[in-house]
Each structure stands twice: as structure tokens, then as C-alpha cells.
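Undergrad: Predicted coordinates and the sequence they were generated for:
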Amino acid sequence: QVQLVESGGGSVQAGGSLRLSCVASRYTFANNYMGWFRQAPGKEREGVASINTRLGRTYYADSVKGRFTISQDTAKMTVYLQMNSLKPEDTAVYYCAADPMGHILSPTYRYWGQGTQVTVSS
């Protein structure tokens, strides 16, 4: 069974930084996509960033380009989301997701973590 465990959420002031981590257990990175999504209260879940873990190719939502960076540590089966220059509108529950198919930023991934709260105050 695939398990994804996120960590690293918290509360920061606008302009601050956080790094989220997602550890995948019993799951292979080969030929797979892993992504970060977020969902704010009353809003739909949206894709933030994703990575093709075999090619290392990355994808970003326009709203986070230049501020967020997705990366991976294959040996640790971990994907990171470095978030800089955070804004109050980045406040949401952030989810890690994984899928063998290339869903890129569409929230149709097969496997999901439990989510971690990120709160950015002005």
C-alpha cells in the first residue's frame, strides 16, 4: 500500500519561507509523478507543483512560479516543496500526491497524503 506522509507546515508571516517534505513508503519513484496541491477553505483543490521523478522535469502553477521550488531526493524517497516569499493567499492545506501517470497539475492523482496546514499572516 502506498503511503505519503507530509510534514513541514506551519505559520509564517508574509515574505517568509517554509519547506514541505513528503516521504513515500513502499512506492517507487521510477516512471512516476509526484505533486503538491493545496486547498483553501471554500475553494477547489489546485495543483501547485509536480515533478517527473524519472526525468526530473518540473511543473509549476503560474501563481507560484519564481517563489516555489519542487525537488526530490530519490534515495530518501522524498519530495520537497520550498516555498519562499509566501503570501497570505498561499494559506491552505497542502497535500502531496503520487501517480504513475502524468497528471501534471490536475488533482486526479491516485495516491494522497493527509495534508499539512500552511498559514501565512499579513
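TA: Arrived safely, thanks for sending.

Undergrad: so where's this structure shaky on pLDDT?
TA: Scanning the chain for pLDDT under 70 picks out 26-31.

Undergrad: Quick one: the strands in it, in order.
TA: 3-7, 10-13, 18-25, 33-39, 46-52, 58-60, 68-73, 78-83, 92-99, 111-112, 116-121 (DSSP state E).

Undergrad: Between its first and last residues, how far does stretch 46-65 reach?
TA: Stretch 46-65 has an end-to-end distance of 14 Å (criterion: Cα to Cα, to the nearest Å).

Undergrad: Quick check: residue 6 touching residue 96?
TA: Yes. With contact defined as Cβ atoms under 8 Å, residue 6 reaches residue 96; the gap is 4.9 Å. Where C-beta positions appear, they are placed from N, C-alpha and C, glycine not excepted.

Undergrad: Mutual contacts of these two, please.
TA: 20, 22, 113 (Cβ atoms under 8 Å, 6 or more residues apart in numbering).

Undergrad: Thanks a lot, catch you later.
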